[in-house]
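Q: need coordinates for the below:
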Amino acid sequence: MPDTPKIEPLHLQGLSDYHCHCDYSVDAVGTVDEYCDAAIRRGLAEICFTTHYDFNPRSDRQANFIVVRGDKRPTGPESLAPYVKDVRRAADRFLPEGLSVKLGVEFGWFPGCQEDVRAVIDRFSIEYALCGIHELDNICLCCRAHVERCFSRFSVEEAVEAYTAHVIQAAKSGLFDTIAHLDYVRRYGLDYYGPSLDSVFESRLPDIFGALRSSGTALEINTAGLRHGVKSYYPKMNVVNAATRSGVAVQYIGSDAHRPDQVGFDFDGAGALVAGSIGWCDDL
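A: Model prediction:
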């Protein structure tokens, strides 16, 4: 792959990055090994790969692929198998170098996906199941090209209601360790709806937190918001603090890396904020 920016070591050593996309994801570049090398240079103790697994048959299906050796294959267990093999190989290779490598998947949520998600988790013994809410009304909410078509169907209240309903349903399924980037609707929703989006979203937090607590589903601190221009992590820190006060587990930091140089992005800041409650790796 092309030269990437220099990867500087973190001041906080021994952290874990539990949200990384390598080149099996249609929107990412860099091999599993390149991400592992980047994690070592950052000084991470652990990296968890979470390739996209999007398979909503009612969406436009542009994301419903897994890339295997440069070829786009329809999302499904057979297409995922090479990724699983590659991550497990890396786990063996990099453990002697002091890096723990975990096998995860970021499942794109849609109502009715539960049986297939459970089958994938069981078949491959997935170590970390991450749920991403990427669509409203089967249209991508996080793709710039589709933002107008997605949000024009909803008032701000309707968009938040649809989004939070997906979060609550996903949590109640009991399938996922973590809900990814909890307030991801902000990525393009802030520009579309304006700042009222935040107050409407935060009015739904009691119901969201109740579903997370009752199901034991955790939240991540996702640092990609700073790269996306929303000027905060996902979720915002006041939401993180409210979640903690409400008894919701905030267990992981994720860079949502889509290139190797993004591994551990802004973890000095995120790690300092939640250092007592994130996924440190103590067993190396």
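Q: and the strands in the stretch 151-284 of the chain, which stretches?
A: According to DSSP state E, counting those that start in this stretch, the stretch 151-284 of the chain carries its strands in the segments 178-179, 218-222, 250-254.
Q: show me what the shortest one is packed up against.
A: In this structure, strand 178-179 makes packing contacts with strand 128-132, helix 156-173, strand 218-222, judged by 3 or more C-beta pairs under 8 Å, 6 or more residues apart in numbering; DSSP states H and E. Just so you know, the C-beta spots here come from the backbone N, C-alpha and C atoms, and that holds for glycine as well.
Q: buried ones in the second one?
A: Same thing as helix 156-173. 156, 159-160, 162-171, 173 (16 or more other C-beta atoms under 10 Å).
Q: please work out which residues outside it touch it.
A: By C-beta atoms under 8 Å, 6 or more residues apart in numbering, the residues outside helix 156-173 that reach it are 109-111, 114, 117, 131, 133, 136-137, 141, 151, 154, 176, 179, 182, 185, 189, 193-194, 196-197, 200-201, 204, 207-208, 211-212, 214-215, 217.
Q: ok, residue 270 to residue 154 distance?
A: 31 Å (C-beta to C-beta, to the nearest Å).
Q: compare these two (neighbour count), which wins?
A: residue 270 (25 against 19; other C-beta atoms under 10 Å).
Q: residues contacting the more buried one?
A: Going by C-beta under 8 Å, 6+ apart, the list of residues near residue 270 reads 221, 223, 233, 253.
Q: what about residue 66, which SS state?
A: Put simply, residue 66 is strand when judged by DSSP: H, G, I helix; E, B strand; the rest coil.
Q: list the beta-bridge partners for it.
A: Beta-bridge pairing for residue 66 (DSSP bridges): residue 73.
Q: that's a strand at residue 18, yeah?
A: Yes: checked against three-state DSSP, residue 18 lies within a strand.
Q: list the contacts of residue 219.
A: 178, 179, 182, 212, 235, 240, 243, 248, 249, 250, 251.
Q: pick the one among those residues closest to residue 89.
A: Using C-beta to C-beta, residue 178 is the member of the contacts of residue 219 that sits closest to residue 89, with 24.6 Å.
Q: okay, now the closest one: neighbour count?
A: Other residues close to residue 178 by other C-beta under 10 Å number 29.
Q: that one and residue 252 touch, don't they?
A: Yes: contact criterion C-beta atoms under 8 Å: residue 178 and residue 252 qualify, at 6.0 Å.
Q: overlap in contacts, those two.
A: In terms of C-beta under 8 Å, 6+ apart, residue 178 and residue 252 are both contacted by the residues 18, 218, 220.
Q: pLDDT score for the last one?
A: Translated: residue 220. Residue 220 is assigned a pLDDT of 95 by the prediction.
Q: enumerate every residue touching it.
A: 18-19, 130, 178-182, 250-254.
Q: neighbours of the closest residue to residue 184 other than its chain neighbours, how many?
A: Spatial nearest neighbour of residue 184, excluding adjacent residues (C-beta to C-beta, 6 or more residues apart in numbering): residue 234 at 5.8 Å. Neighbour count of residue 234, defined by other C-beta under 10 Å: 26.
Q: make 42 the first number, not 1, from now on.
A: Will do, 42 is the new start, and the previous item becomes residue 275.
Q: what about residue 275, distance to residue 294?
A: In terms of C-beta to C-beta, residue 275 sits 11 Å off from residue 294.
Q: pull up the overlap in contacts between these two.
A: Joint contacts of residue 275 and residue 294 (C-beta under 8 Å, 6+ apart) are 262, 263.
Q: low-confidence stretches in the stretch 142-291 of the chain?
A: Residues of the stretch 142-291 of the chain meeting the criterion pLDDT under 70: none.
Q: what ranges do the helices span in it?
A: For the stretch 142-291 of the chain, the helices defined by DSSP state H, counting those that start in this stretch occupy 155-165, 188-192, 197-214, 227-234, 237-243, 246-256, 265-269, 278-286.
Q: what packs against the second one?
A: Counting contacts by 3+ C-beta pairs under 8 Å, 6+ apart, helix 188-192 packs against strand 176-177, strand 180-181, helix 227-234.
Q: pull the residues that contact the longest one.
A: With C-beta under 8 Å, 6+ apart as the test, helix 227-234 has contacts from 182-183, 185, 188-189, 192, 197, 200, 238-239, 242, 266, 269, 271, 275, 277.
Q: quick one: buried ones out of the contacts of helix 197-214?
A: Here, 16+ other C-beta under 10 Å leaves 150-151, 155, 158, 172, 174, 177, 182, 192, 195, 217, 220, 223, 226, 230, 234, 238, 241-242, 245, 249, 252-253, 256, 258 buried among the contacts of helix 197-214.
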